[in-house]
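Peer 1: Kindly return the folded structure for what I paste below:
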Amino acid sequence: MKIRLLALTVFLLVIAGAAVRGLGQEAPKDSPPTVAAKQIIQELVSGQFEKVEALYDARMVQALPPGKLADGWRDLNKQAGAFQEITSAETSQVQGLQVVKMNCKFENSVLDATVVFNADGKLGGLSFRPHQAPAAPWNPPGYAKQNLFSEQPLALTNGKFELPGTLTVPTGDGPFPAVVLVQGSGPQDQDETIGPNKPFKDLAWGLASRGIVVFRYTKRTQKYTVQSSDDPMRMTVEEETISDARAAVALVATQPNVNPKQVFLLGHSLGAFLAPRIATGDSQIVGIVMLAANARPLEKIVLEQIHYLAAMNGTPTEAEQKKIEAAEEGAKQIERPDLKPDDKITFLGATMYGAYWLDLRAYDPLKTAAKLKIPILIAQGGRDYQVTPSNFQAWSDALANNRNVTLRTYPDLDHLFMHGTGASKPADYARPDHVSAEVVESIATWILPSEKPGTLAKPH
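Peer 2: Residues are numbered from 1 along each chain as shown. Reported below is the predicted structural model:
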């Protein structure tokens, strides 16, 4: 029995920093955290759920009341089959947490288990995800001419947060126009890596080959996880994305060979959705590029994706249907008229507070973009199932008559602006590819000086 993609979120218990990437140095395999994590798996297998629950820290106690763990494990077994063995384990330290990653073989599939212990030895996170095989090595796209640019590390410091980044600079004295890249939702590295693909690295190398400085940086939630905000209950997209993006623009404007009067911002997915808000009130940003920008609320976009994937797999299983219903209930809670900032909302296995959703509720991207006077380029892939073309239509309806707005569609491209045929599906992201050369050329032409800066009227 093959596990369906949608059902793989069933046992996703990501609490208190369990969604950690880039785990630092590997610890000895026989370390105490590794032994403790393996013991937790054995207790799950033997049905000793109360022993695991006794290890919960305060966050886990709130997120998983008694009984929930047993239900989750039974649900997982229905899909993955009976547990067989742990085939590998490694332990790392991340920001005071002990993170143990184990490869677990089940009867019908292989899953990656992550167990997180806090400084007191309490259980702060537990998750099971589809096994991630090592990604194929990234190879440069054909349009990247490595003799035409160089790269250098450049850290972004915004208050107490320091984020690693890379500045890609064309060969020559400049001054060059520059663009700051802003990722989509979730923890993201500076390349926006997904499987073997690195769309932001494609863009950086491609645009730099055309004479544009590019800055990309690790997203705050990727490096700092739950510590991305002083008060997680009050965290919004301001801490997640906006503040760092504006700080990045200010940083790039001070770099040698950069024309400080020609600094653009490029957002993808959530980054594109927020680009008008980032640019509002920031006079340093002279134009924005919006790739796959949703025009509707985030929770509606997610529900649309869930139903799309469920339909692709045929009739949902009972477990899948329960997950669909749980997601729909989460969306209803998000949209409640009486939602309060400190209300806790569980949506797709992740817990966020009302402050996050209320902040997004108050933001109208269409109206915000309509007020901007700077050039705007909005691009959409016709095969994008995550942010569907209907969103692009909403942008077109709202902004097509604005002379500062350029709208472009690419029928054969998906959410990553990579080529494909037929209905787009998650498995496409596991196929090595690159951002389309046509998209890179369109962005470069739009940014570079011409008779009409900020347009595509004069190709190069």
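Peer 1: And the contacts of stretch 411-424?
Peer 2: 194, 197, 199, 269, 291-292, 312, 379, 381-387, 410, 428-429, 433-436, 439 (C-beta atoms under 8 Å, 6 or more residues apart in numbering). All C-beta spots, glycine's among them, are computed from the backbone N, C-alpha and C.
Peer 1: Buried ones among these?
Peer 2: Among the contacts of stretch 411-424, those scoring as buried are 194, 197, 199, 269, 291-292, 379, 381, 383-387, 410, 428-429, 433-436, 439 (criterion: 16 or more other C-beta atoms under 10 Å).
Peer 1: Can you flag which of the residues you listed belong to strands?
Peer 2: Of the positions in these, 291, 379, 381, 410 sit in strands, assigned by DSSP state E.
Peer 1: where in the stretch 301-450 of the chain is pLDDT low?
Peer 2: By pLDDT under 70, the weakly predicted segments of the stretch 301-450 of the chain are 349, 450.
Peer 1: For it, just list every one of the strands.
Peer 2: For the stretch 301-450 of the chain, the strands defined by DSSP state E, counting those that start in this stretch cover 344-347, 350-353, 376-381, 405-410.
Peer 1: on that earlier part again, return the member of the ones in strands among the buried ones among the contacts of stretch 411-424 nearest to Gly184.
Peer 2: Distance to Gly184, by C-beta to C-beta, is smallest for Leu291 among these, at 9.1 Å.
Peer 1: nearest residue to Ala70 other than its sequence neighbours?
Peer 2: Counting by C-beta to C-beta, 6 or more residues apart in numbering, the nearest residue to Ala70 once its immediate chain neighbours are dropped is Phe49, at 4.6 Å.
Peer 1: Over to Lys373?
Peer 2: Asn404 (6.2 Å).
Peer 1: Hmm, Ala370 and the one you found touching each other?
Peer 2: No. Counting by C-beta atoms under 8 Å, Asn404 does not reach Ala370; the two are 10.1 Å apart.
Peer 1: tally of neighbours for the closest residue in space to Leu360 that isn't next to it in sequence?
Peer 2: Using C-beta to C-beta, 6+ apart and skipping the chain neighbours, the partner closest in space to Leu360 is Leu298 (6.1 Å). Leu298: 19 surrounding residues under other C-beta atoms under 10 Å.
Peer 1: cool, the one 5 residues further on as well?
Peer 2: The local packing of Leu303 (other C-beta under 10 Å) involves 18 other residues.
Peer 1: Same check on His415?
Peer 2: Close neighbours of His415, defined as other C-beta under 10 Å, add up to 25.
Peer 1: what's the answer for Glu441, then?
Peer 2: Glu441 has 17 neighbours, counted by other C-beta under 10 Å.
Peer 1: now it: how far from Phe149?
Peer 2: For Glu441, the distance to Phe149 equals 16 Å [C-beta to C-beta, to the nearest Å].
Peer 1: now Ile278
Peer 2: 25 Å.
Peer 1: need the strands for the stretch 151-300 of the chain, in chain order.
Peer 2: Using DSSP E, counting those that start in this stretch, strands in the stretch 151-300 of the chain cover 156-158, 161-163, 165-170, 176-182, 213-217, 258-268, 285-291.
Peer 1: Select, out of those strands, the one closest to Asn118.
Peer 2: Closest to Asn118 of the strands of the stretch 151-300 of the chain is strand 161-163 (C-beta to C-beta; 21.0 Å).
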